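[1] 3D, please:
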Amino acid sequence: MERGKKRGAALLLAGLMTCSAVLLSACGSGGDKEAADKPAASAAPAEESTFAETQAPAEESSPAEELTGSRTLFRQGLLAVCSGDKWGYVDESGHYVINPQFDEAAAFTENGLARVVIGGQTGFINTTGAYAVNPQFEYAEDFDASGLALVSAGGKYGYIDSTGSYVINPQFDDAFPFQDSELARVYAGGKYGFIDKKGSYVINPQFDYVNFFDTNGLASVQAGDRMGYIDKTGTYVINPQFDLAYNFTGNGLARVMSGDKWGYINESGAYVINPQFDFAAAFENGDYAGVMVGDKVGYIDSTGVYVINPQFDDAFPFSEGAAVVQLGGKYGLIDEKGTYIVNPQYSDMGEKISCGLVWFANDDGRLGYMDATGKEVIPAQFNYLVPGYDWEYDYYDEELAYGGSDFYDDGYAVVRMGSAYGVINKAGSYIINPQFDDVGLPQ
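    Below you'll find the predicted structure:
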């Protein structure tokens, strides 16, 4: 389950950008362990703003890099769960379809395979639990839209098909999944480039960092200490000139940092909103973006006009007409005009409304769910603070913030009661009683 330090010690604002890593669960590990497990050879440029201190630097999510299907809790009808120190898979009735036997386990993807780890080696199983690809890799990611999976062997990265055969032999120092079945980012000889599905370079390694290509066919890249944008031939469309540059969003704007201020440019590289913010988030839903001025956060529209003046200590993207905000150490809910739907009063809340609901936690350490009107649809009754290992700070905490899961598109969420995890529906009723030591949340 996803866990982290209790919020309030530092500004999180993690909802303003998402990362592309897919959860691979290990019993008791919590959170997104995979990002820590991958022996990456390099890192993205460092993020300087505390407004986004839990966000991946200069890296944004490519929706085409995964083959996980719709955002459901049960994938291929199965959910990864942990009993004792082993992982297996249960169906919606809670019955084991694949008995606990793995050290780690990930969600099934659309091709009917799931990553598992046993004895330190990663392989892939089918929905009967039989190995489709025997455990043999030091590291692996899910099969992506190209039909290939990124794997590591002998300290190098390559790509396999669903039979486990190499399509591209391990040869790169670091690599990423294919995007839109076309290109993949790779790292070799201290530089980044792009390859095709045959493993041939389309853009030779020459950059200090590269982002994925977004829907307009541009990718932000770093050359030296400046960032610009290239097309799929590797030609600069916008020359390197920014200190930090993120990919373009659906409204045709990209956020960039020049000096110590953030603004937004269009696809020709011209400023639409001049650098003026201490931090700026993406226009995630195309309408509003969160920005920081001083130590307060507000929201602007695509012209740079404030729709909600900076006034919050913490803020998250709008979803279903509402946004979660923090003020004075408490969380509440606002509408698109900045009017409080729910005054700041909760110890913690989820990052956004998902499938009509968002979790909240009260001062008694209990967790429930409310709707977009602020009505507590599922009363606070589940555990919010639980004992667990804090991977970020490397210690065991008796009161680690579990936080709860969002509701998924199939109408289910994972909750903890006592020392066990179960699954509830949107009425708050258990479909699987609390009985597991951990549950793998699909991303």
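
[2] Could you use CA atoms for every contact and neighbour count after this?
    Fine.

[3] Which residue is the nearest non-sequential neighbour of residue 82?
    residue 438 (4.9 Å; C-alpha to C-alpha, 6 or more residues apart in numbering).

[4] Which helix or strand contains the closest residue to residue 193 other than its chain neighbours?
    Setting aside the residues directly before and after it, residue 193 is nearest to residue 205 in space (C-alpha to C-alpha, 6+ apart), at 3.8 Å. Secondary structure from DSSP states H and E places residue 205 in strand 201-207.

[5] then that strand to PDB, C-alphas only?
    C-alpha atoms of strand 201-207 as PDB (Å, rounded to 0.1, in the frame of the first residue of the first chain):
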ATOM      1  CA  TYR A 201      19.100   4.800 -33.100                       C
ATOM      2  CA  VAL A 202      16.600   7.400 -34.500                       C
ATOM      3  CA  ILE A 203      18.200  10.100 -32.500                       C
ATOM      4  CA  ASN A 204      21.800   9.400 -31.500                       C
ATOM      5  CA  PRO A 205      22.800   9.800 -27.800                       C
ATOM      6  CA  GLN A 206      23.800  13.500 -27.400                       C
ATOM      7  CA  PHE A 207      21.700  15.000 -24.700                       C
END
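
[6] can you list contacts of it?
    Applying C-alpha atoms under 8 Å, 6 or more residues apart in numbering, the external contacts of strand 201-207 come out as 186-189, 191-196, 221-223, 232-234.

[7] That strand: what's the following helix or strand?
    By DSSP H and E, the next helix or strand past strand 201-207 is strand 209-210.

[8] who touches residue 346 in this structure?
    By C-alpha under 8 Å, 6+ apart, the residues touching residue 346 are 330, 331, 332, 360, 361, 362, 363.

[9] Buried among those residues? Make that a PyMOL selection.
    Only the buried members of those end up in this PyMOL selection, burial being decided by 16 or more other C-alpha atoms under 10 Å:
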select buried, resi 330+331+332+360+361+362
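
[10] hmm, which two among the contacts of residue 346 are most spread apart?
    Farthest-apart pair in these is 332 and 363; separation 13.7 Å (C-alpha to C-alpha).

[11] Skip the chain neighbours and tell me the closest residue to residue 425.
    Per C-alpha to C-alpha, 6+ apart, closest to residue 425 is residue 412, 4.7 Å.

[12] Ramachandran coordinates for residue 310?
    Backbone geometry at residue 310, expressed as degrees, to the nearest 10, gives phi -60, psi 120.

[13] and the nearest residue to it once chain neighbours are set aside, how far is that from residue 316?
    Once flanking residues are discounted, residue 310 sits nearest to residue 298: 3.7 Å by C-alpha to C-alpha, 6+ apart. In this view, residue 298 and residue 316 are 10 Å apart by C-alpha to C-alpha, to the nearest Å.

[14] so what sits against both of those two?
    Residues touching both residue 298 and residue 316 (C-alpha under 8 Å, 6+ apart): residue 290.

[15] what pairs with residue 430 across the strands?
    For residue 430, the beta-bridge partners are residue 424 (DSSP bridges).

[16] Just give me the neighbour total for it.
    Using other C-alpha atoms under 10 Å, residue 430 has 16 other residues around it.

[17] What's the per-residue pLDDT of residue 141 here?
    Residue 141 carries a pLDDT value of 97.

[18] which one is it nearest to, not counting chain neighbours?
    Of all residues not flanking residue 141 in the chain, residue 150 sits nearest, at 5.4 Å (C-alpha to C-alpha, 6+ apart).
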